[in-house]
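In: Sharing a model prediction with you, sequence too.
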Amino acid sequence: MDFLASFFVSLFFLILSLCLTTAQAKEFLVGGKVNAWAVPASSSDTLNKWAEASRFQVGDSLVWNFDPEKDSVLRVTREAYLACNTTNPVASYKNGSTVMTLNHSGAYYFISGISDNCQKGEKVIVVVMSERHSFRKHLAPAPAPESGADFRAPAFAPTAGAQDRVVVSRGMLSLVLGLGLVALRF
């Protein structure tokens, strides 16, 4: 009986550690550095290049730092993004230190609240992976789009330099607690 109890306790802690390491939400500093929300210095230094090199998951957060007297961030539709249309944003962030949680998968479009800055490239598309792919993020790189496909968003790449915040889903938590109770019975 002692062996079986030890086995279940070990299994419990193994699953708990897997839950905490595979289900982490991150805070991404937009552009990867302070004050990156600005007109890019060159066409090779765009915010979309940063976004393409990052892997965003549901629950992650974007952090913007900018001078609120000189700029703002607008979340917009794809059409408004392409036209740099600042008139009807989905959301507006004007306080200079903004944190926005990515609460669903898909593309998020952001532009500068100053139309001229947007025209000069101060804008970014952030693509959030679907939740069903989140467990595999450590196992394999994202697949490339099929040739000839109409792919309108940046590709996914491994993430570096993001701050971790632990998030445990209810299902995983229930599994861990259930195994813990089973281990306690032995």
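Out: Thanks, I have the structure now. Numbers count the residues shown, from 1 in each chain.
In: Please enumerate residues in contact with whatever helix or strand residue 99 lives in?
Out: Here residue 99 sits within strand 97-101, counting by DSSP states H and E. Identification of contacts with strand 97-101 by Cβ atoms under 8 Å, 6 or more residues apart in numbering yields 27, 59-65, 73, 75, 91, 93. Where you see a C-beta, it was placed from the backbone N, CA and C, and this is true even at glycine.
In: rerun at 6 Å
Out: 61-65 (Cβ atoms under 6 Å, 6 or more residues apart in numbering).
In: Just the buried subset of the residues you listed, written out for PyMOL, thanks.
Out: Remark: buried members of the contacts of strand 97-101, expressed as a PyMOL selection using 16 or more other Cβ atoms under 10 Å:
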select buried, resi 61+62+63+64
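In: The contacts of strand 97-101 in strands, which ones?
Out: 61-65 (DSSP state E).
In: closest to residue 82 among the residues you listed?
Out: residue 62 (20.2 Å; Cβ to Cβ).
In: Any figure for the gap between that closest one and residue 44?
Out: 22 Å (Cβ to Cβ, to the nearest Å).
In: Then residue 35?
Out: Residue 35 is 19 Å from residue 44, by Cβ to Cβ.
In: Max pairwise distance over the contacts of strand 97-101: which two?
Out: 61 and 65 (13.2 Å).
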